[in-house]
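In: Structure for this input, please:
(one chain, ligands or ions: 1)
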Amino acid sequence: MRKRKNSSKSYLKKSSREDYDYHLPVLRKEAVDWLITDSNGIYIDGTVGGGGHAAEILRRLASGGKLLAFDLDKEAIDYCNVKFSDELQSGEQSRLVLFNESYSKACSIENIEGKLKGLLLDLGVSSRQLDIREKGFTHRENAALDLRFSPSYQPAEALLAVAKEEEIAEVLRKYGEEPFARAIARRIVLIRRVVPIKTTAQLKEIVEYCVPKKFLNRSLARVFQALRIAVNDELNTLNETLNCIPFKLASGGRIVVISYHSLEDRIVKQAFRKYSINVKERDRERLSNDMPILKIFTKKPIVPSDEEIRNNPRARSAKMRVAERI
Ligand SMILES: C[S@@+](CC[C@H](N)C(=O)[O-])C[C@H]1O[C@@H](n2cnc3c(N)ncnc32)[C@H](O)[C@@H]1O
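Out: Purely as a prediction, here's the structure:
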């Protein structure tokens, strides 16, 4: 059985620059190799989590470099405040600024246009978030059906309490590619007439009722993923951000995105293509932007080595794509 980690604040004290207990970063070296082209540049880590990528970025930045790091999860920001306390103590001179905000806010940072040298997005959830029972990110623990990265969203239980049967089925189909979406949605609506669905155990029971045993684990993972994506509006946030960041990048600045499922990867692929497409193709597809502004480095995505997957099974679905501002 998965060991549940201590969720008290004392956990923060254990953090140190080399501590990957919070989250083992995926494609760490490769991502930062691609990201950093100027050690005195301004960079954004949009999903700082346990700061594994951020630590490597800071290690490679010179004194004139700057890292703006975002995470919706306050605990991730608290953790990084401790992890990077030495760096942060230098106040105004600090090369690191932490924001407990969505990475979409990167689009509205002032005076960054044409100066940004790179954006890193390492999407999905951290191991720490999966380990904290109260967040309800996994069906393996009974907890409140929450699934939010931040309290600014509505919890999953609120979504399941009000959404119509067809809307729930659509969420499960669209964000989870769940073949039993309709049956699960029907059951949710039936059960909630009798008792509100408030826990991960209740949802698990519903899925168990609707799905043959041999498909159960996959369906459970897909249903929880679908609800998490819907609750946190993950795909719209990604799409909107990838449609603004190319215009903020300095020439030669890069976007590096690590995604963990096909829906995310498709959005990254399409956004990169939209801004890199040549004039003839763009006319054919009736796209309105004037000139290609991105150069794509990864026709095929970069994936972790067998060795990395052996050491960190969570890395197995990772796909990394990189583009550069022309
Ligand atoms: C896979 S983890 C990142 C791990 C990190 N690269 C590291 O090395 O520890 C993904 C993180 O993204 C955060 N996140 C998800 N959506 C976000 C958003 N829209 N804005 C900011 N952070 C977000 C999650 O809270 C989580 O901490």
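
In: which strand of the protein spans the most residues?
Out: Looking across the chain with DSSP state E, the single longest strand is strand 249-259.

In: is the ligand contacted by that one?
Out: No - Strand 249-259 stays clear of the ligand (C-beta under 6 Å from any ligand atom), getting no nearer than 7.8 Å. All C-beta spots, glycine's among them, are computed from the backbone N, C-alpha and C.

In: pull the CA atoms of the helix or strand just after that strand into PDB?
Out: Helices and strands here follow DSSP states H and E; after strand 249-259, the next one along the chain is helix 262-276. Below are the C-alpha coordinates for helix 262-276, written out as PDB (Å, rounded to 0.1, in the frame of the first residue of the first chain):
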ATOM      1  CA  SER A 262      -2.700  13.100 -25.000                       C
ATOM      2  CA  LEU A 263      -5.200  16.000 -24.500                       C
ATOM      3  CA  GLU A 264      -2.500  18.300 -23.100                       C
ATOM      4  CA  ASP A 265       0.100  17.200 -25.700                       C
ATOM      5  CA  ARG A 266      -2.400  17.900 -28.500                       C
ATOM      6  CA  ILE A 267      -2.900  21.400 -27.300                       C
ATOM      7  CA  VAL A 268       0.800  22.000 -27.100                       C
ATOM      8  CA  LYS A 269       1.400  20.600 -30.600                       C
ATOM      9  CA  GLN A 270      -1.500  22.600 -32.100                       C
ATOM     10  CA  ALA A 271      -0.400  25.900 -30.500                       C
ATOM     11  CA  PHE A 272       3.200  25.500 -31.600                       C
ATOM     12  CA  ARG A 273       2.100  24.600 -35.100                       C
ATOM     13  CA  LYS A 274      -0.300  27.600 -35.300                       C
ATOM     14  CA  TYR A 275       2.500  30.000 -34.700                       C
ATOM     15  CA  SER A 276       5.100  28.300 -36.800                       C
END
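
In: Which positions in helix 262-276 come out as buried?
Out: Neighbour counts using 16 or more other C-beta atoms under 10 Å place 263-265, 267-269, 271-276 of helix 262-276 among the buried residues.

In: tell me the domain boundaries of this protein?
Out: What automatic domain parsing lists as the domains of the chain is 9-127+234-325, 154-231.

In: Out of those domains, which gets the lowest mean score?
Out: The minimum mean pLDDT among these belongs to domain 9-127+234-325 (a mean of 90).

In: which bits of the stretch 1-150 of the chain sit near the ligand?
Out: So the stretch 1-150 of the chain meets the ligand at 23, 25, 46-47, 49-53, 70-73, 76, 102-103, 122, 124-126, 149 (C-beta under 6 Å from any ligand atom).

In: Please narrow those residues to those residing in helices.
Out: Under the assignment DSSP state H, these contribute 52-53, 76 to helices.

In: What's the nearest residue in the stretch 51-200 of the chain when you look at the ligand?
Out: Per C-beta to the nearest ligand atom, G52 is where the stretch 51-200 of the chain lies closest to the ligand, at 2.9 Å.

In: what sits against that residue?
Out: 20, 22-25, 28 (C-beta atoms under 8 Å, 6 or more residues apart in numbering).

In: Nearest residue to the middle of this structure?
Out: For the chain, L123 is the residue whose C-alpha lies nearest the centre (C-alpha atoms, centre = their mean; 2.2 Å).
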